[in-house]
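> based on what follows, work out the 3D shape:
(chains A, B, C and D)
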Protein chains: 2
Amino acid sequence: MSETKDRPYHHGDLRRALIDTALAMLATDQNWAFTLREVARRTDVSHAAPYKHFRDRESLLRELARIGFVQLEEAMSVAMSSGPSSTRARFVAVARACIDFALCNPGLYRLMFSADADKTMDPHLHDAAMATFGILLRLLEEGLRDGSFRPVAISALAAASWAQVHGLAMLAISGQLLEEKVGPEPVLAALDVLLDGVCRGG
Amino acid sequence: MSETKDRPYHHGDLRRALIDTALAMLATDQNWAFTLREVARRTDVSHAAPYKHFRDRESLLRELARIGFVQLEEAMSVAMSSGPSSTRARFVAVARACIDFALCNPGLYRLMFSADADKTMDPHLHDAAMATFGILLRLLEEGLRDGSFRPVAISALAAASWAQVHGLAMLAISGQLLEEKVGPEPVLAALDVLLDGVCRGG
DNA sequence: CCCTCCATGTTTACAGGAGAAACTTATCGG
DNA sequence: CCGATAAGTTTCTCCTGTAAACATGGAGGG
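Here you go, the predicted structure:
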């Protein structure tokens, strides 16, 4: 602890450190009552220091949510461009990527869709969320173009797909897909149900 | 033991009054930072009075969520038994009932599915949620029996349907179904997408 | 090379919430 | 009529978010 005392008065990149601490705590404690003071404490900094980098508590929460969307976008993007499989297989892969992300970061995922991360308050957060949504749109467009998906208004496909994936992710996080009478692979099965409507000639 | 059914002494029925106040405030303020003291204030009692009827703040929240599930179950039940339409039409009606309920009670609906209302903490809440889910199951069983739905494992149908309806409800609450490039009836369109996989020979 | 600015920290202060404990009051069974 | 007890109040402690005043130390101008 003597070493920690040696740290310079100015932290270097406290903003980043606070974000990292908060993300780590979100990852650790499944449902953690977010507290600015606790974040400051674990970053070895006074409880007022965060206010030099974030206007208020929600400002930090929104930044965390934004980072979450960026990470989710990347995960989905990787899943989408991995392997030259069919569009349907890629759809499943992208959906799984989203749900896996939620299962690996339940606290962060909840935050991203909670009222605490109000997207109307932060254009950057809104943009990040839209970019993530955009991946799904591109995938749907592709499926429409190559004839894998039935010719339905893309808005309907997008709403259904987004609702399905997000709904499954939330259910999975809440553990409501494992305890009840669900089969071995409830997520895949549910996605198949949706897809046999999306795909032509299921 | 006093929590179940006791006669009022002083206030009348403070437990009920507190619940009503909280429900009213949930209905009024879209996103209200729930506060026990505020509930007590608006019920004209001291801030410690609620503790005579609820162990803690979350206990009241769980009771509110339980009531929400009961109301939702009733709304869905009404929708399910209204009119001798096709199973598909009744599926849509039940889904609409759920989404309409969410739109009419966004705060309550959010609470019902938030981490604050931990279903593992209260058997009554869990049962209420399961009863609501049960309506969907009965509808799916019926559709399987009469051949309206494709012969898929009911767990898959249930997961897909529940995820879809809940996902649409959450998106609708967040206003993400209106601002984007969605058609005139995004909910119906999305449900049709799902159903054309659920229904045989869509 | 020193001195002064100012971004980034810290300390102090205050309002408000959760909850516990002690105290008060009214209702009821005997 | 009288305790016992449920129901409500006061008071207290600890916590949080946030603002204001103060401290520090690195960067840039003389």
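
> show me what from chain A comes close to DNA strand D.
Residues of chain A lying near DNA strand D by C-beta under 7 Å from any atom of the strand: A:8-10, A:34-38, A:47-48, A:51, A:56-58. Bear in mind the C-beta positions are built from the backbone N, C-alpha and C, glycine included.

> shaky segments in chain A?
A:1-9, A:178-183, A:197-202 (pLDDT under 70).

> hey, where'd the helices end up in it?
With DSSP state H, the ranges of helices along chain A come out as A:2-5, A:14-28, A:36-42, A:57-80, A:87-104, A:106-112, A:123-145, A:154-173, A:186-198.

> relative to B:V187, which of the ones you listed is closest?
Proximity to B:V187 (C-beta to C-beta) singles out helix A:154-173 among those, at 7.7 Å.

> check which helices and strands the closest one is in contact with.
Secondary structure elements in contact with helix A:154-173, counted by 3 or more C-beta pairs under 8 Å, 6 or more residues apart in numbering or on different chains; DSSP states H and E, are helix A:87-104, helix A:106-112, helix A:123-145, helix A:186-198, helix B:154-173, helix B:186-198.

> next, the angle helix A:57-80 makes with the third one.
In terms of direction (axes from the mean of the first three to the mean of the last three C-alpha atoms, to 10 degrees), helix A:123-145 departs from helix A:57-80 by 20 degrees.

> same question for the first one.
Angle, helix A:87-104 to helix A:57-80, by the same axes, to 10 degrees: 140 degrees.

> is chain B within reach of helix A:87-104?
No - using C-beta under 8 Å from any C-beta of the partner chain, helix A:87-104 stays clear of chain B, with a minimum separation of 10.0 Å.

> got the CA positions of that helix in CSV?
Backbone C-alpha positions of helix A:87-104 (Å, rounded to 0.1, in the frame of the first residue of the first chain) are rendered in CSV as follows:
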residue,chain,number,x,y,z
THR,A,87,-27.4,-16.0,-44.5
ARG,A,88,-29.6,-18.0,-42.2
ALA,A,89,-26.5,-19.4,-40.4
ARG,A,90,-25.1,-16.0,-40.1
PHE,A,91,-28.3,-14.7,-38.7
VAL,A,92,-28.1,-17.3,-36.0
ALA,A,93,-24.5,-16.6,-35.4
VAL,A,94,-25.2,-12.9,-35.0
ALA,A,95,-28.1,-13.6,-32.6
ARG,A,96,-26.0,-16.0,-30.6
ALA,A,97,-23.3,-13.4,-30.4
CYS,A,98,-25.7,-10.9,-28.9
ILE,A,99,-27.1,-13.4,-26.4
ASP,A,100,-23.7,-14.6,-25.5
PHE,A,101,-22.6,-11.1,-24.9
ALA,A,102,-25.6,-10.5,-22.6
LEU,A,103,-24.8,-13.7,-20.7
CYS,A,104,-21.2,-12.8,-20.3
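
> so which of the helices of chain A is nearest B:V78?
Closest approach to B:V78 among the helices of chain A is made by helix A:154-173 (23.0 Å; C-beta to C-beta).

> so what are the domain limits for chain A?
Domain segmentation of chain A under automatic domain parsing yields A:1-54, A:57-198.

> columns mean neighbour count and distance to DNA strand C on top of those domains, output as a markdown table?
Shown next, in a markdown table, are the domains of chain A (neighbours: other C-beta atoms under 10 Å in any protein chain shown; distance: least, C-beta to the nearest atom of the strand, whole Å):
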| stretch | mean neighbour count | distance to DNA strand C |
| --- | --- | --- |
| domain A:1-54 | 14 | 3 |
| domain A:57-198 | 19 | 13 |
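
> would you list the ones you listed in CSV and tack on distance to B:L72?
Below are the domains of chain A laid out as CSV (distance: least, C-beta to C-beta, whole Å):
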stretch, distance to B:L72
domain A:1-54, 23
domain A:57-198, 15
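
> quick one: closest of these to B:R15.
Using C-beta to C-beta, these put domain A:1-54 closest to B:R15, at 25.8 Å.

> what about that closest one and chain B, touching?
Yes - judged by C-beta under 8 Å from any C-beta, domain A:1-54 comes into contact with chain B at A:N31.

> quick one, what contacts the residue nearest to A:A93 when sequence neighbours are not counted?
Closest residue to A:A93 apart from its sequence neighbours, by C-beta to C-beta, 6 or more residues apart in numbering or on different chains: A:A79 at 4.3 Å. Shown in contact with A:A79 (C-beta atoms under 8 Å, 6 or more residues apart in numbering or on different chains): A:90, A:93-94, A:96-97.

> quick check, nearest of those to DNA strand D?
A:A97 (31.5 Å; C-beta to the nearest atom of the strand).

> could you measure from the residue lying closest to the closest one once chain neighbours are set aside over to B:T120?
Closest residue to A:A97 apart from its sequence neighbours, by C-beta to C-beta, 6+ apart: A:A79 at 3.7 Å. Look at A:A79 and B:T120: by C-beta to C-beta, to the nearest Å, they are 31 Å apart.
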